[in-house]
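[1] Let me see the structure of the following:
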Amino acid sequence: MKIAIVGTGYVGLVSGTCFSEMGIDVTCVDVQKNKIESLKRGIIPIYEPGLEDMVHRNYSAGRLKFTTDLKGCLDDVEVVFSAVGTPPDEDGSADLKYVLEVARTIGCHINKYILVVTKSTVPVGTAKKVRDTIQQELDKRNVEIPFDVASNPEFLKEGNAIDDFMKPDRVIVGVESVRAKEIMERLYKPFMMNNYRLIFTDIPSAEMIKYAANSMLATRISFMNDIANLCELVGADVNMVRKGIGADSRIGSKFLYPGCGYGGSCFPKDVKALIKTAEKNGYSMKVLKAVEEVNEQQKRILFEKLMKHFNNDIRGKQIALWGLAFKPETDDMREAPALVLIDGIVNAGGMVKVYDPIAMEECNRRVRDKVIYAKDMYDAVLDADALLLVTEWKEFRMPSWRVLKKAMRQAVVIDGRNIYDRDELLQHNIIYTCIGK
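    Residues are numbered from 1 along each chain as shown. From the prediction side, this is the model:
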């Protein structure tokens, strides 16, 4: 089976590589010539555990190809996945210009039946726009060529994307025809050998499922952050509260961890887009608006705790940050709490020294010399007046408190992910603050 995937960003490259791993002939297409040439040389534009080796293996085997020419591969493929970006517009709605440009190119150049599958996260109704765009181009050519559209949203977690794709807990596919359904069943059959998790829906429902899933997870995070902030005020321990409610089978324990706010490429964008979709249809998503408001406030929680400790004056203080990416196992800093924290500290007159195992280059691209870049986690805390744990990378979980106490000018630790034991730090005479206690 031969397929094409347009867009070699996070979703497109992971999806294409995993399909090729199962023996499918995949052509990945991107308009950025430099990116395609780099991929051919084995240079991977994103960090994702296991991806680089898988790309090299399948490219060498000839199952994975890279090109800038979508037109040139349309005669050879049965399915085209659209995995291009859908960045938020100024009003928060998803920008579909890249999605529709792919549709236009397909409509201009197809000569046989093809199934066009939207993999990008898009608002309800996008598949209809894709269908209309392709049909308009066919009408201009005065030709009748059959085609189908489908929706196949991705549910990849950055840092665990390979496993998520190869061993999915479910695959959602929205289709309109029996032919499209049969093609998608054949395409995903290799991934369903042990457990059939392929769920077919109508297309609008498939488009909605992606937004609804991410919005639900974001809601759980903001809810627990709200509860954590209240726990501090009333003297409760949010970790005990989390365990207590998570033990309820109706609730479960996942995504109930309080912290310093969510970030990344999905949750912030998708929550905003769903709110905007509702507004366009005359409805107000009151819960999601609150979710977004809580999250924006929570991104400032570590800065507020820092300022409180130093009586609202951090001028001349050196503050160490452990972690920059929005989550471990990625270099993604989109909407990361660390960016809000850096701005707050610098604007208040403090100096910031940062360390992240993977995201240092990305941080430098974003903030340049606004911060000092440490060579390792202990270099970051040298002569620091406070340490803020922002991202819970594994290497930060068991630091030497003796070394840290000796290296810091003032032994103050503010834990934005609640991974440390208060009693252990107090034994080393380290001042410790976390979320929700």
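[2] Check which helices and strands the lengthiest helix in the chain sits against.
    If you go by DSSP state H, the chain has its longest helix at helix 203-234. If you count contacts as 3 or more C-beta pairs under 8 Å, 6 or more residues apart in numbering; DSSP states H and E, helix 203-234 packs onto helix 126-141, strand 147-151, strand 171-174, helix 238-246, helix 267-280, helix 286-298. (Glycine included, C-beta is placed from N, CA and C.)
[3] Could you tell me the least trusted of these?
    The weakest mean pLDDT among those belongs to helix 267-280, with a mean of 92.
[4] Of all the residues in it, which ones are buried?
    Within helix 267-280, the residues that qualify as buried are Phe267, Pro268, Lys269, Asp270, Val271, Lys272, Ala273, Leu274, Ile275, Lys276, Thr277, counting by 16 or more other C-beta atoms under 10 Å.
[5] Need the contact partners of it.
    86-88, 91-94, 121, 123-124, 210-212, 214-215, 217-218, 221, 262, 284-285, 288-289, 291-292, 295, 334-335 (C-beta atoms under 8 Å, 6 or more residues apart in numbering).
[6] Now the buried members of these.
    Using 16+ other C-beta under 10 Å as the burial test, these include 86, 92-94, 121, 123-124, 210-211, 214-215, 217-218, 221, 262, 285, 288, 291-292, 295, 334-335 as buried.
[7] tell me the phi and psi of Lys2?
    The phi/psi pair for Lys2 (degrees, to the nearest 10) reads phi -120, psi 130.
[8] Could you count how many residues lie near it?
    When neighbours are counted by other C-beta atoms under 10 Å, Lys2 registers 13.
[9] Who's the closest spatial neighbour of it, skipping the chain neighbours?
    Of all residues not flanking Lys2 in the chain, Asp25 sits nearest, at 4.3 Å (C-beta to C-beta, 6 or more residues apart in numbering).
[10] next one: Asp75
    Asn111 (6.0 Å).
[11] Kindly report the same for Ala247.
    With C-beta to C-beta, 6+ apart as the criterion, Ala247 has its nearest non-adjacent residue at 7.5 Å, and that residue is Ser253.
[12] Next one, pLDDT for that neighbour please.
    Per the predicted model, pLDDT is 94 at Ser253.
[13] cool, Glu90 as well?
    67.
[14] Equivalent analysis for the one 10 residues further on, please.
    The score at Leu100 is 96. That number is its pLDDT.
[15] Let me see the contact set for it.
    Contact partners of Leu100, counting by C-beta under 8 Å, 6+ apart, are Lys129, Val130, Thr133.
[16] helix/strand/coil for it?
    Assigned with DSSP: H, G, I helix; E, B strand; the rest coil, Leu100 falls in the helix class.
[17] Tell me the one of the buried residues of helix 267-280 nearest Asp30?
    Asp30 lies nearest to Lys269 out of these, by C-beta to C-beta, at 20.4 Å.
[18] how near is that closest one to Glu292?
    Computed with C-beta to C-beta, to the nearest Å, the distance linking Lys269 and Glu292 is 11 Å.
[19] just Ile251 next, same as before
    For Ile251 relative to Glu292 (C-beta to C-beta), the value is 22 Å.
[20] of all the helices and strands packed on helix 203-234, which lies closest to Gly42?
    Among the helices and strands packed on helix 203-234, the nearest to Gly42 by C-beta to C-beta is strand 171-174 (29.1 Å).
[21] quick one: buried residues of that closest one?
    Val171, Ile172, Val173, Gly174.
[22] With distance to Ala411 added, can I get those in TSV?
    Listed next are the buried residues of strand 171-174 as TSV, based on distance: C-beta to C-beta, whole Å:
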residue	distance to Ala411
Val171	50
Ile172	49
Val173	54
Gly174	55
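[23] Nearest residue to Thr8 in space, ignoring adjacent ones along the chain?
    Asp30 (4.3 Å).
[24] circling back to that earlier point, please tabulate the contacts of Leu100 in CSV and include distance to Arg179 and neighbour count as additional columns.
    Conversion of these to CSV gives the following (distance: C-beta to C-beta, whole Å; neighbours: other C-beta atoms under 10 Å):
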residue, distance to Arg179, neighbour count
Lys129, 21, 17
Val130, 17, 27
Thr133, 20, 22
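[25] Walk me through the domains of this structure.
    Each domain of the chain is listed here as a residue range: 2-201, 211-297, 299-433, per automatic domain parsing.
[26] Quick check: end-to-end length of the first one?
    Using C-alpha to C-alpha, to the nearest Å, the span of domain 2-201 from its first residue to its last is 24 Å.
[27] Ok, the shortest one next?
    Counting by C-alpha to C-alpha, the length from the leading to the trailing residue of domain 211-297 is 22 Å.
[28] contact partners of stretch 245-257?
    Contacts for stretch 245-257 (C-beta under 8 Å, 6+ apart): Leu217, Arg220, Ile221, Met224, Arg242, Lys243, Arg417, Asn418.
[29] Quick check: buried residues in that stretch?
    Buried residues in stretch 245-257, defined by neighbour count with 16+ other C-beta under 10 Å: Ile245, Gly246, Leu256, Tyr257.
[30] CA atoms of it as CSV?
    Provided in CSV are the C-alpha atoms of stretch 245-257 (Å, rounded to 0.1, in the frame of the first residue of the first chain):
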residue,chain,number,x,y,z
ILE,A,245,-10.6,11.4,44.5
GLY,A,246,-8.5,9.4,42.0
ALA,A,247,-9.4,6.2,43.8
ASP,A,248,-13.0,6.8,42.7
SER,A,249,-13.4,4.6,39.6
ARG,A,250,-15.7,7.2,38.1
ILE,A,251,-12.9,9.7,38.2
GLY,A,252,-9.6,7.9,37.9
SER,A,253,-6.1,9.2,38.7
LYS,A,254,-4.8,10.4,35.3
PHE,A,255,-4.3,14.1,34.7
LEU,A,256,-5.0,15.0,38.3
TYR,A,257,-1.5,16.3,39.1
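[31] what helix or strand is Glu37 on?
    Element membership for Glu37 (DSSP states H and E) is helix 33-40.
[32] number of nearby residues for Asp139?
    By other C-beta under 10 Å, 11 other residues sit near Asp139.
[33] now Met408
    21.
[34] between the longest helix of the chain and helix 286-298, how big is the angle?
    Computed by axes from the mean of the first three to the mean of the last three C-alpha atoms, to 10 degrees, the angle separating helix 203-234 from helix 286-298 equals 50 degrees.
[35] gap between helix 203-234 and the chain center?
    15 Å (C-alpha atoms, centre = their mean, to the nearest Å).
[36] How about stretch 147-158?
    Stretch 147-158 has its C-alpha centroid displaced from the chain centroid by 15 Å (C-alpha atoms, centre = their mean).
[37] What residues of it count as buried?
    For stretch 147-158, by 16+ other C-beta under 10 Å, it's Phe147, Asp148, Val149, Ala150, Ser151, Asn152, Pro153, Glu154, Phe155, Leu156, Glu158.
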